[in-house]
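> Output the structure for:
(one chain, ligands or ions: 1)
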Amino acid sequence: MKKEFFECPEALKSNNFYGFDWLEFLTAIPSPLALVTSYKSNGKSNGSMQSWLSFSSENGFYCIFSSVHKCSHMYSSIAETKQLVINFMSADSYAKCYSTVMHNSFDEDELASAGLTAVPARKVNAPLVEECFLNLECEYAWEKELFPNSDHVVMCVKVVNAWMDSNIYNGKNGGRYGDNGYLYNIHSPADPDSGVLNDTSIGVVRKFKDYSELGI
Ligand SMILES: Cc1cc2nc3c(=O)[nH]c(=O)nc-3n(C[C@H](O)[C@H](O)[C@H](O)COP(=O)(O)O)c2cc1C
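Predicted coordinates for the structure are as follows:
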């Protein structure tokens, strides 16, 4: 039975949503996981886990970050340098990428502290994470507040160079999809009847069918 939700269900109200809207948890729409890297004004590397992002593809390839906190080092360093790298990790390097969240002081070289290998990008002034299978070198394009005086901006960046591991794009061992490919953030799916907010988890993508098999 399909149910309508126009306000936060009573059963969910006692949960701590940490500033997120309750619809975030009702829908729990998976989003791709990446580590965004840049240089802070002290020259040290910054790593910022990002999950609210998608891509657009007219006259170039653009990434739209839909929720960048204005108080983050990512925001301030990109405001200064206008350059960044978006690094996509597979499951084997997730823990190290995630640990940048725990090494987030301005004075810290976040990639070194996380045990990750920083390599200078070729076309932009930002570090690239060697352990990640896909690195997108990007230049800042524009931003807009999510709504007037929001804590977050929607930020668009243009991809100017890409590096991808041949062991991923050759499709062997699942390639981009499956256990060794892209990771997705599954953010605490809620059961609006019981009020239970499940743990956040990491997902991988599995191909369902090719278009030719669907007959469309
Ligand atoms: C799985 C995951 C996804 C995240 N996605 C975002 C995001 O899309 N936008 C954001 O502003 N913060 C996001 N965060 C929080 C930042 O990664 C975190 O606050 C980080 O410490 C900010 O680093 P920075 O200050 O170096 O930029 C996410 C964290 C995790 C663990």
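
> Quick check: residues of this structure near the ligand?
Applying Cβ under 6 Å from any ligand atom, one finds that the chain approaches the ligand through 33, 46, 48-52, 67-69, 72-74, 98, 101, 104, 185. C-beta coordinates here come from the backbone N, C-alpha and C atoms, glycine included.

> The same query, at a cut-off of 8 Å, please.
By Cβ under 8 Å from any ligand atom, the residues of the chain that approach the ligand are 31, 33, 36, 46-53, 65-69, 71-75, 77, 98, 100-101, 104, 110, 152, 185, 187, 200, 202.

> Drop anything exposed from these.
Buried members of the residues of the chain next to the ligand, scored by 16 or more other Cβ atoms under 10 Å, are 31, 33, 36, 46-53, 65, 67-68, 72-75, 77, 98, 100, 110, 152, 185, 187.

> Let me see the ranges of the strands in the chain.
Along the chain, the segments classed as strands by DSSP state E run 31-32, 34-39, 45-50, 53-56, 62-69, 83-88, 118-120, 127-129, 134-145, 152-164, 183-186, 201-204.

> Can you tell me which of those is nearest to D193?
Among the strands of the chain, strand 183-186 comes nearest to D193, with 19.3 Å by Cβ to Cβ.

> And the closest one, what does it pack against?
Where contact means 3 or more Cβ pairs under 8 Å, 6 or more residues apart in numbering; DSSP states H and E, strand 183-186 is packed against strand 31-32, strand 201-204.

> The longest one: which residues count as buried?
So the one you mean is strand 201-204. Applying a neighbour-count criterion of 16+ other Cβ under 10 Å, one finds V204 buried in strand 201-204.
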